[in-house]
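Student: Build me a model:
(2 chains)
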Amino acid sequence: MRQRVAVIDFETNGITPGRDCRATEIGVAMVEDGRVVDRFQSLMNAGVWVPPMIERLTGISNAMLKAAPPACEVMAEAARFVGDTPLAAHNASFDRKFWDHELSLLGIARRQDFACTLLLSRRLLPQAPDHKLGTLTRWAKLPDTGRAHRALADAEMAANLLTLLGDTLSSQYRLPDIDHALLCKLQTVTAAKIKPYLLELQAQCPAV
DNA sequence: TGCCAGGCCCTCTTTAGGGCCTT
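Tutor: Down below sits the predicted model:
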């Protein structure tokens, strides 16, 4: 896939964004033509408390957040970095709600759709042992990007997975124009119907 | 006060339930 896509990952102190549940770190891997070409990463201090279980999971402590820049500054910078670039994430429904929530606090509305590497990998890589980001990375022998459950390492893992999914579509179905809009369309086709749908797309494409 | 996600996907389904995935 040649198109530039911004793959994002949030670390947070909980599951549902709100007054006491906020992003604690953001990572963005800008992927283009199968390579990560640019990166953005920052901890952010939203004034929330991180429970011990999540401190252990992410390695992000309350002391680290105390010293981090304010969430509003970080998110404003992240929004400038991403601009209008199409977005992707692993289990995008999670990162999308935090992206939308954090930007809404700045009065910014998202303009672009999210592609989801979880939905796409369930459809295109059904033979994987499971569809956790770490499992898929090891199973597909994708590069080690650093400590799991840190935002930039996970964003780069998801970026590599996105590239693998694009390559899978190219090699298995010989589709010439794989772009973000196609990926967003594919993730709305049910897993049971994806193969016939792709074969139909292939039949409509001129031979390459 | 007490509770606390939610969308997707499969199946022993559709008048439902439970596992997956994210922190």
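Student: Please name the nearest non-neighbouring residue to the residue nearest to the spatial centre of chain A.
Tutor: Nearest to the mean C-alpha position of chain A, by CA atoms, centre = their mean, lies A:Ala89 at 1.6 Å. Excluding the flanking residues, the one nearest A:Ala89 by CB to CB, 6 or more residues apart in numbering is A:Asp95, at 3.8 Å. Every C-beta, even on glycine, is put in place using the N, C-alpha and C of the backbone.
Student: The one you found: which element?
Tutor: Per DSSP states H and E: A:Asp95 is located in helix A:92-104.
Student: Sheet-wise, list the partners of the helix or strand just after that helix with their directions.
Tutor: Next along the chain after helix A:92-104, taking DSSP H and E as the criterion, comes strand A:114-116. In the sheet containing strand A:114-116, its partner strands are strand A:87-89 (parallel), by DSSP bridges.
Student: follow-up on the earlier one: buried sites along the helix holding A:Asp95?
Tutor: A:Ala92, A:Phe94, A:Asp95, A:Arg96, A:Phe98, A:Trp99, A:His101, A:Glu102, A:Leu103 (16 or more other CB atoms under 10 Å).
Student: before we move on, what about stretch A:142-149?
Tutor: Within stretch A:142-149, the residues scored as buried using 16+ other CB under 10 Å are A:Leu142, A:Thr145, A:Ala148, A:His149.
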